[in-house]
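Trainee: need a structure here:
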Amino acid sequence: MTGERPPVRHVLLDADGVMQDLPGGWRAALDPFLGERSEELLGALATDEQACLRGEPFLPVLDDLLGRLGVDVPAAELHAAVWERIAVAPGSVALVRELRADGLGVHLATNQNPERAAYMRQALGYGDLFDGAFYSCEMGAAKPEPAYFDAALAALGAAPDEVVLVDDSTRNVDGARAVGLRAEHWHLDHGHDVLRGLLAAHRPG
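Mentor: Numbering: from 1, shown residues only. This is a model prediction of the structure:
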């Protein structure tokens, strides 16, 4: 027994901040519709959206919240203008293709409400780009919950240390490591060469 770790077989990539971003940020996207109420909406969503990340419909929640804030904007219109305002990072797409060409399984691992997940599947080409996808709203659990990672590992048929997560949230990275996954904290702002180096460290030789 050498005690060596098994080789990495799969890479899980977060969506927002790793594969894609929202040009200008959430506040800039919301301000034309909500003005000074944008921060209030974002603060409320931190709590109100939690059930949606685990599968409950999001538009009714958003509609209710807009009503409570006195904002006369249809929820579907706001969702299309803000939540679907996604710019996919070309460098991340290229990296996914590199990793898959090297024989790794590469999968999207993201917390999303059902409506945004459906848009991402249909409009962003992720179905063809990735080997698979783990949307929290389809799994009934969200990162960094152990149940999320356990479900992903079961679907992959992989041991925890055969999988590495790349995420821009330290909470998610810590949660993954707590259940035995390898994990790296990385954001688009750090540059893709940095990410290549982080991943190379998990594949010695």
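
Trainee: mind listing what Glu39 touches?
Mentor: Residues near Glu39 by CB atoms under 8 Å, 6 or more residues apart in numbering: Arg27. For glycine as for every other residue, the C-beta is placed from the backbone atoms N, C-alpha and C.

Trainee: Let me know the average pLDDT across stretch 6-26.
Mentor: Mean per-residue pLDDT for stretch 6-26: 96.

Trainee: Could you list the buried residues of that stretch?
Mentor: Buried residues in stretch 6-26, defined by neighbour count with 16 or more other CB atoms under 10 Å: 8-22, 26.

Trainee: got it, and stretch 160-176?
Mentor: So, applying 16+ other CB under 10 Å, buried residues of stretch 160-176: 160, 162-169, 172-173, 175-176.

Trainee: And Thr2, what's its pLDDT?
Mentor: 50.

Trainee: Use 533 as the first number for this chain going forward.
Mentor: From this message on, residue numbering opens at 533, which makes the last subject Thr534.

Trainee: Tabulate the buried residues of stretch 692-708 in JSON lines, adding columns for distance to Gly567, pLDDT and secondary structure.
Mentor: Shown next, in JSON lines, are the buried residues of stretch 692-708 (distance: CB to CB, whole Å; pLDDT from 0 to 100; DSSP: H, G, I helix; E, B strand; the rest coil):
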{"residue": "Pro692", "distance to Gly567": "46", "pLDDT": "98", "secondary structure": "helix"}
{"residue": "Glu694", "distance to Gly567": "48", "pLDDT": "98", "secondary structure": "helix"}
{"residue": "Val695", "distance to Gly567": "43", "pLDDT": "99", "secondary structure": "strand"}
{"residue": "Val696", "distance to Gly567": "42", "pLDDT": "99", "secondary structure": "strand"}
{"residue": "Leu697", "distance to Gly567": "37", "pLDDT": "99", "secondary structure": "strand"}
{"residue": "Val698", "distance to Gly567": "35", "pLDDT": "99", "secondary structure": "strand"}
{"residue": "Asp699", "distance to Gly567": "32", "pLDDT": "99", "secondary structure": "strand"}
{"residue": "Asp700", "distance to Gly567": "28", "pLDDT": "98", "secondary structure": "coil"}
{"residue": "Ser701", "distance to Gly567": "28", "pLDDT": "98", "secondary structure": "coil"}
{"residue": "Asn704", "distance to Gly567": "31", "pLDDT": "99", "secondary structure": "helix"}
{"residue": "Val705", "distance to Gly567": "35", "pLDDT": "99", "secondary structure": "helix"}
{"residue": "Gly707", "distance to Gly567": "35", "pLDDT": "99", "secondary structure": "helix"}
{"residue": "Ala708", "distance to Gly567": "38", "pLDDT": "99", "secondary structure": "helix"}
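
Trainee: before we move on, the earlier item: specify which member of the buried residues of stretch 538-558 is nearest to Pro736.
Mentor: Lowest distance from Pro736 to the buried residues of stretch 538-558 (CB to CB) belongs to Val540, with 10.0 Å.

Trainee: Spit out the contact partners of Leu727.
Mentor: 627, 698, 716, 718.
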